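**Student:** turn this into a model:
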Amino acid sequence: MIGVKRHAARTVGLGAAALVTLLTVPGGADAQIKASEKASLSQTIDGTTITIEYARPSLRGRSIRGDLFGDQIRWGYVWTPGANNATTITSDKDFRLDGMDVPAGSYSVWMEVTEGPWTLILDPDAGLWHTQGPGPSEDQFRAEIEPVTLAWSVETLSWTMPAVRPNGADLRMQWGDLAVDMVLEVEPSLVVTLTAAEAAPYLGTYAVEQFDTNYGGAHAYELEFRLENDILVAEMEFSADFSMDIAFVAAADQVFQMGTLMEGSVAEVNDYVFTEFTMGADGLAESFEQRARDDTLVLRGTRIR
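**Tutor:** Numbers count the residues shown, from 1 in each chain. Predicted structure coming up:
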């Protein structure tokens with residue numbers, strides 16, 4: 001209770017009541033100022049939630065190379081990229097990190113630092129202290145990673161996801177101008193691409209009757225399904241004066257959800273409208289209906305060629 005003793009020493013002459021008051025100020029005795037405060041990074045990607053928990057050491061005038069790596073963190077040391085408790089990564093579903101297929105769960109994160117490439121280590125013991133280090137284990141996941149020097153520096157160690165994609169993200173650990181970039185991938189909930197053979201039954205032109213719903217005014221037009229970059233695409237007219245290319249992503253047999261396209265890739269899949277095709281005797285789709293989640297008919301299409 002060093003902090004309490006110092007505080008009490010300054011209260012001579014104040015009286016017992018004042019002393020009790022000073023010692024019972026809410027948070028006074030429980031306050032914990034740490035050199036490396038706790039932090040967390042959490043990101044949901046297509047229904048998979050990835051969380052990294054760590055403590056954040058700061059440079060405090062030290063150089064990242066010389067003072068830290070190569071000296072205080074000697075070459076060959078297995079270091080947790082954080083402080084205090086070992087940094088952990090937790091996922092509620094299976095995921096892939098830099099080519100490693102990792103089952104759902106919590107893992108302590110370690111990096112074996114060298115003057116060349118480093119080794120990323122995920123250990124199933126998520127409750128280790130930063131000085132313990134994991135012993136070798138068949139249950140560990142290991143991958144070679146390459147530290148890089150960035151054009152900017154951060155004072156306090158940071159974990160970030162500079163880019164998030166529909167099926168993964170870029171994961172970065174940075175301290176000073178030194179960074180390690182990793183590729184994070186998740187199991188997609190929907191397969192957004194089709195082979196030419198899978199898409200063939202749906203390709204063609206349809207006469208469409210769009211009804212007066214919240215998805216645009218009632219009108220009729222022609223809609224063509226085509227395959228682009230292995231994605232089933234059609235230019236939909238949401239109103240008489242507004243149209244755009246929409247991706248159609250398989251959700252079940254002959255049933256598709258609508259997706260948003262960005263730069264030729266599916267950026268988002270929506271579940272408020274479903275498109276169901278009816279197949280003809282020749283194996284080609286002869287018609288389709290598009291319905292909202294409440295089963296309201298949005299539009300109907302009939303193949304014309």
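
**Student:** shaky segments in the chain?
**Tutor:** Counting by pLDDT under 70, the chain has low-confidence residues at 1-31, 215.

**Student:** what about the helices in it?
**Tutor:** Remark: helices assigned in the chain by DSSP state H are 2-9, 16-23, 196-199.

**Student:** contacts only, for W159.
**Tutor:** Shown here is W159, whose contacts under the criterion C-beta atoms under 8 Å, 6 or more residues apart in numbering are 39, 41, 52, 54, 81, 87, 171-173. Quick note: C-beta positions are derived from backbone N, CA and C, even for glycine.

**Student:** what's near enough to touch L194?
**Tutor:** Applying C-beta under 8 Å, 6+ apart, we find L194 in contact with 227, 230-232, 250.

**Student:** the residue lying closest to F69 once chain neighbours are set aside - how many residues pack around it?
**Tutor:** Leaving out its chain neighbours, the residue that sits closest to F69 by C-beta to C-beta, 6 or more residues apart in numbering is V113, at 5.9 Å. Taking other C-beta atoms under 10 Å as the criterion, the count of residues near V113 is 22.

**Student:** V113 reaches Q72, doesn't it?
**Tutor:** No. Between V113 and Q72 there is no contact under C-beta atoms under 8 Å: 11.0 Å.

**Student:** who are the neighbours in contact with S189?
**Tutor:** By C-beta under 8 Å, 6+ apart, the neighbours of S189 are 46-47.

**Student:** and it, how far from K93?
**Tutor:** The spacing between S189 and K93, counted by C-beta to C-beta, to the nearest Å, is 10 Å.

**Student:** same thing with A196?
**Tutor:** Here A196 is placed at a distance of 31 Å from K93 (C-beta to C-beta).

**Student:** now do A104
**Tutor:** Counting by C-beta to C-beta, the gap between A104 and K93 amounts to 5 Å.

**Student:** in the stretch 1-150 of the chain, what residue spans correspond to strands?
**Tutor:** Ranges of strands within the stretch 1-150 of the chain are 37-45, 48-56, 78-79, 88-91, 95-97, 100-102, 105-112, 118-123, 141-145, 147-165, based on DSSP state E, counting those that start in this stretch.

**Student:** now the ones you listed in JSON lines, with distance to I246?
**Tutor:** Compiled in JSON lines, the strands of the stretch 1-150 of the chain are given as follows (distance: least, C-beta to C-beta, whole Å):
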{"stretch": "strand 37-45", "distance to I246": "22"}
{"stretch": "strand 48-56", "distance to I246": "25"}
{"stretch": "strand 78-79", "distance to I246": "48"}
{"stretch": "strand 88-91", "distance to I246": "31"}
{"stretch": "strand 95-97", "distance to I246": "29"}
{"stretch": "strand 100-102", "distance to I246": "33"}
{"stretch": "strand 105-112", "distance to I246": "38"}
{"stretch": "strand 118-123", "distance to I246": "39"}
{"stretch": "strand 141-145", "distance to I246": "38"}
{"stretch": "strand 147-165", "distance to I246": "20"}
